[in-house]
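Enquirer: Build me a model:
(one chain, ligands or ions: 1)
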Amino acid sequence: MLGDYIEGNFGNRADYGSPITAMADFERHEPTIPEPIEGGPDGGRRKFRTIWISDVHLGTRGCNAAMLIDFLDNVDSETLYLVGDIIDGWRLKKKFYWPAAHNDIVWRIMKRAKRGTRVVYIPGNHDEMFRQFTGMNFGGVEIRRAAFHDTADGRRLMVLHGDEFDTIMLAHRWLAFAGDAAYHLLMSLNNWVNSWRRWFGRPYWSLSKMAKHKVKNAVEFISHYEEVVARAAGERGVDGVVCGHIHTAEHRLFEHNGKSIEYWNDGDWVEGCNALVEHADGRMEILHWPDEVARRNGAQVTDTASLAKAA
Ligand SMILES: [Mn+2]
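Expert: This next block holds a predicted model:
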């Protein structure tokens with residue numbers, strides 16, 4: 001069919017038209033939730049020098065798309081780093097799940113790139129299929145394996161997803177996948193068992209103990225991971241590192257050969273809904289977006305109350 005099209009009779013308008021008609025299947029879908037106009041009635045967007053987000057997991061039910069849309073509509077930056085696991089290819093391969101809100105997020109990011117924001121996309125392990133396009137540029141979105149970011153106050157930070165330093169990921173890919181599900185199950189079972197313990201006084205099953213052991217292991221794993229990533233940054237001679245991957249937003253300081261190394265993790269948009277931001281002066285901060293929403297709503301309520309009083 002494609003051969004027919006290429007070798008076909010281009011003089012015949014009818015023949016020429018049919019493959020084009022087939023192309024119309026790829027319709028243009030503008031965002032279902034329209035983007036608010038910049039600098040609109042809500043006083044415009046909070047401007048940052050840099051924003052880092054990761055572990056969005058588009059294509060899964062876990063992704064908190066509504067919260068991320070709210071974030072994107074309320075902030076702006078000169079540079080936006082997408083620090084991996086933005087699209088979850090692992091889950092999409094098993095089951096196709098792509099709600100309108102997930103499409104809206106892609107639209108917002110592409111529009112941002114078009115408006116002039118430098119967008120750097122560093123694929124993670126769940127979106128590793130995009131790593132093959134490293135060095136390329138799609139609609140203003142640069143694809144990189146890692147990046148170096150210079151802050152306004154002159155610090156040099158290494159930016160990467162971080163699965164490169166996940167020993168479980170490296171040794172047993174299947175275990176990383178199974179371990180993730182098992183961990184969540186154990187966490188909920190632990191809660192369940194604890195409430196039963198409250199009723200019966202003593203546990204008749206040792207699962208809670210096991211769950212606690214697993215949680216302790218997870219805490220140790222996170223701590224070890226942070227140390228390994230910071231050490232790698234120290235060996236690279238940079239002042240710090242920004243990563244994602246473990247869904248745990250964090251800022252820690254490590255020592256490497258007498259030099260202080262900053263560890264920053266920008267969290268996730270599954271449970272935490274965190275972003276890492278750099279202010280104009282180079283100061284960095286982890287934002288917990290649900291807290292920001294609560295603060296904003298609180299402020300609005302106060303405003304309405306004062307307005308009511310005035311009236
Ligand atoms: Mn990851």
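Enquirer: What residues sit buried inside the helix or strand where Leu80 lies?
Expert: In this structure, Leu80 sits in strand 75-82 according to DSSP states H and E. Across strand 75-82, burial judged by 16 or more other C-beta atoms under 10 Å covers 75-77, 79-82. Placement of C-beta: from N, CA and C, glycine included.
Enquirer: How about stretch 108-121?
Expert: For stretch 108-121, by 16+ other C-beta under 10 Å, it's 108-109, 112-113, 117, 119-121.
Enquirer: Let me know the closest of the residues you listed to Ile86.
Expert: Tyr121 (7.0 Å; C-beta to C-beta).
Enquirer: how about the residues of this structure near the ion?
Expert: Residues of the chain found near the ion (C-beta under 5 Å from the ion) are 85, 124-125, 163, 245.
Enquirer: biggest helix in this protein by residues?
Expert: Ranked by residue count under DSSP state H, the longest helix found in the chain is helix 207-236.
Enquirer: Name the nearest residue to Lys259, sequence neighbours excluded.
Expert: Gly234 (6.7 Å; C-beta to C-beta, 6 or more residues apart in numbering).
Enquirer: try Glu262
Expert: That would be Gly240: by C-beta to C-beta, 6+ apart, it lies 3.1 Å from Glu262.
Enquirer: you'd agree the one you found is up against Val159?
Expert: No: here Gly240 does not reach Val159: they are 9.8 Å apart, not a contact under C-beta atoms under 8 Å.
Enquirer: Give me the more crowded residue out of these two.
Expert: Val159 (27 against 24; other C-beta atoms under 10 Å).
Enquirer: which residues pair with the more buried one across the strands?
Expert: In this structure, Val159 has the following beta-bridge partners (DSSP bridges): Ala147, Val242.
Enquirer: In this structure, where is pLDDT below threshold?
Expert: 1-28, 38-43, 168-215, 300-311 (pLDDT under 70).
Enquirer: That one: helices as residue ranges?
Expert: 2-7, 13-23, 65-74, 89-94, 100-115, 167-171, 173-200, 207-236, 289-310.
Enquirer: from the buried residues of strand 75-82, which is closest to Trp289?
Expert: Distances from Trp289 to the buried residues of strand 75-82, taken as C-beta to C-beta, are shortest for Val75 (9.3 Å).
Enquirer: give the contact list for the residue of the stretch 151-300 of the chain found nearest the ion.
Expert: The ion sits closest to His245 of the stretch 151-300 of the chain, with a gap of 3.9 Å, by C-beta to the ion. Counting by C-beta atoms under 8 Å, 6 or more residues apart in numbering, His245 makes contact with 54-55, 84-85, 124-125, 161-163, 166, 265.
Enquirer: Repeat the analysis, applying 7 Å as the threshold.
Expert: 55, 84-85, 124, 161-163, 166 (C-beta atoms under 7 Å, 6 or more residues apart in numbering).
Enquirer: got it, and Gly135?
Expert: By C-beta under 7 Å, 6+ apart, the residues touching Gly135 are Ile143.
Enquirer: switch to 10 Å and redo it
Expert: Listed by C-beta atoms under 10 Å, 6 or more residues apart in numbering, the contact set of Gly135 reads 142-145.
Enquirer: do the same with Val75
Expert: Neighbour list for Val75: 45-48, 51, 53, 275, 277, 287, 289, 292 [criterion: C-beta under 10 Å, 6+ apart].
Enquirer: between these, which is nearest Lys93?
Expert: Once C-beta to C-beta is applied, the member of these that ends up nearest Lys93 is Ile53, at 23.0 Å.
Enquirer: Go ahead and confirm the closest one touches Thr79.
Expert: No: the pair Ile53 / Thr79 is not scored as a contact, 11.9 Å apart, by C-beta atoms under 10 Å.
Enquirer: on that earlier part again, of the residues of the chain next to the ion, which pair is most distant in space?
Expert: Most distant of the residues of the chain next to the ion, by C-beta to C-beta, are Asp85 and Asp163, 8.4 Å apart.
Enquirer: Next, Thr134: phi, psi?
Expert: Dihedral angles of Thr134 (phi, psi; degrees, to the nearest 10) stand at phi -50, psi 130.
Enquirer: Now for it: which residues touch it?
Expert: 121-123, 142-146.
Enquirer: Which PyMOL command selects the buried ones in those residues?
Expert: Selection of the buried residues among these in PyMOL, burial being defined by 16+ other C-beta under 10 Å:
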select buried, resi 121+122+123+142+143+144+146
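Enquirer: Which of the contacts of Thr134 sits closest to the ion?
Expert: Checking the contacts of Thr134 one by one against the ion (C-beta to the ion), the nearest turns out to be Pro123, at 9.6 Å.
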